[in-house]
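1. Just a sequence and a predicted model for now, questions to come.
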Amino acid sequence: AQSVTQLDSHVSVSEGTPVLLRCNYSSSYSPSLFWYVQHPNKGLQLLLKYTSAATLVKGINGFEAEFKKSETSFHLTKPSAHMSDAAEYFCGTFTSGTYKYIFGTGTRLKVLA
Amino acid sequence: EAQVTQNPRYLITVTGKKLTVTCSQNMNHEYMSWYRQDPGLGLRQIYYSMNVEVTDKGDVPEGYKVSRKEKRNFPLILESPSPNQTSLYFCASSLRPSGTQETQYFGPGTRLLVL
């Protein structure tokens, strides 16, 4: 069965430093992967999605993620954190056989001034 | 404006009192879905619908019902709510159920407290 694991429940970074949010996936075939962001008291917004066209995926607000099949990872990165990046981030996958979406448990990003 | 709307946004109820949370989208999307969000557990899919009159269970369907009589609406029904259904609920929709080929759009959420 497909699944995703977010390796950190909380991450703290200083403003202006790089962000790394880790996500590993489990899939028996080519996965369908994405990252969503949830700002406090808001719904979820798509950051980026892996469509198999390129292993490095660029998203909104300067975020990007790299699909690494050998490591079964899809980590989210940003070169320089901004205060507005403080939010909860969800990695997820879609199972095309059952049409289900599966989300990770979330990583709460804190950005320190 | 393209959007997914949910009502009510906040609801306090008592055990056993039937309730319905409505979800509506104005984008002519085929695929709609309900999730619950709980601390430490992330989002878990409750039910989804591929199109009108086509629904199926997600990972946590127990205690919930859904219907899809019209393309735009996908209500979530709790026939006999229990305290363990206290949660934050999100409705979402996408044009088609094609994983990363389509973007899911989420509603603003409904916070439910069952006493």
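-> Received it, and whenever you're ready, just let me know what you need.
2. ok, for A:Leu76, nearest residue in space, not its chain neighbours?
-> The shortest distance from A:Leu76 to any non-neighbouring residue, by CB to CB, 6 or more residues apart in numbering or on different chains, is to A:Leu21 (4.3 Å). Every residue, glycine included, has its C-beta placed from N, CA and C.
3. residues in contact with that neighbour?
-> Residues near A:Leu21 by CB atoms under 8 Å, 6 or more residues apart in numbering or on different chains: A:6, A:8, A:11, A:35, A:75-77, A:89, A:91, A:107, A:109.
4. and what of A:Gly59?
-> With contact taken as CB under 8 Å, 6+ apart, A:Gly59 is in contact with A:35, A:46-48, A:65.
5. Which members of these additionally contact chain B?
-> Filtering the contacts of A:Gly59 for neighbours of chain B using CB under 8 Å from any CB of the partner chain leaves A:Leu46.
6. farthest-separated two in the contacts of A:Gly59?
-> Pairwise distances across the contacts of A:Gly59 peak at 12.0 Å for A:Leu46 and A:Ala65 (criterion: CB to CB).
7. Please enumerate the shared neighbours of those two.
-> Taking CB under 8 Å, 6+ apart as the contact rule, A:Leu46 and A:Ala65 both touch A:35, A:59.
8. Let me know the closest of the contacts of A:Gly59 to chain B.
-> In terms of CB to the nearest CB, no member of the contacts of A:Gly59 lies closer to chain B than A:Leu46, at 5.0 Å.
9. Spatially, what comes nearest to that closest one if we skip its sequence neighbours?
-> Distance criterion CB to CB, 6+ apart; nearest residue to A:Leu46, sequence neighbours excluded, is B:Thr103 at 5.0 Å.
10. With B:Glu30 instead?
-> With sequence-adjacent residues excluded and distances taken as CB to CB, 6+ apart, B:Glu30 is closest to B:Asn51, at 4.9 Å.
11. Report the contact partners of the one you found.
-> Shown in contact with B:Asn51 (CB under 8 Å, 6+ apart): B:30-31, B:68, B:71.
12. what do you get if the cut-off is 10 Å, keeping everything else the same?
-> B:29-32, B:68, B:71, B:96-97 (CB atoms under 10 Å, 6 or more residues apart in numbering or on different chains).
13. so how far is chain A from it?
-> Counting by CB to the nearest CB, to the nearest Å, the gap from B:Asn51 to chain A is 11 Å.
14. Which pLDDT value belongs to that residue?
-> Note for B:Asn51: predicted pLDDT of 92.
15. Just list whatever residues bridge to it.
-> Beta bridges link B:Asn51 to B:Val54 when assigned by DSSP bridges.
16. Now A:Asn41: phi and psi?
-> Phi and psi for A:Asn41, reported as degrees, to the nearest 10, are phi 60, psi 30.
17. surely it meets B:Gly109?
-> Yes. With contact defined as CB atoms under 10 Å, A:Asn41 reaches B:Gly109; the gap is 8.1 Å.
18. what's near enough to touch the residue nearest to the spatial centre of chain B?
-> By CA atoms, centre = their mean, chain B has its centre lying nearest to B:Trp34, at 2.7 Å. Shown in contact with B:Trp34 (CB under 10 Å, 6+ apart): B:6, B:21, B:23, B:44-49, B:55, B:58, B:60-61, B:64, B:66, B:74-76, B:89-92, B:107, B:110.
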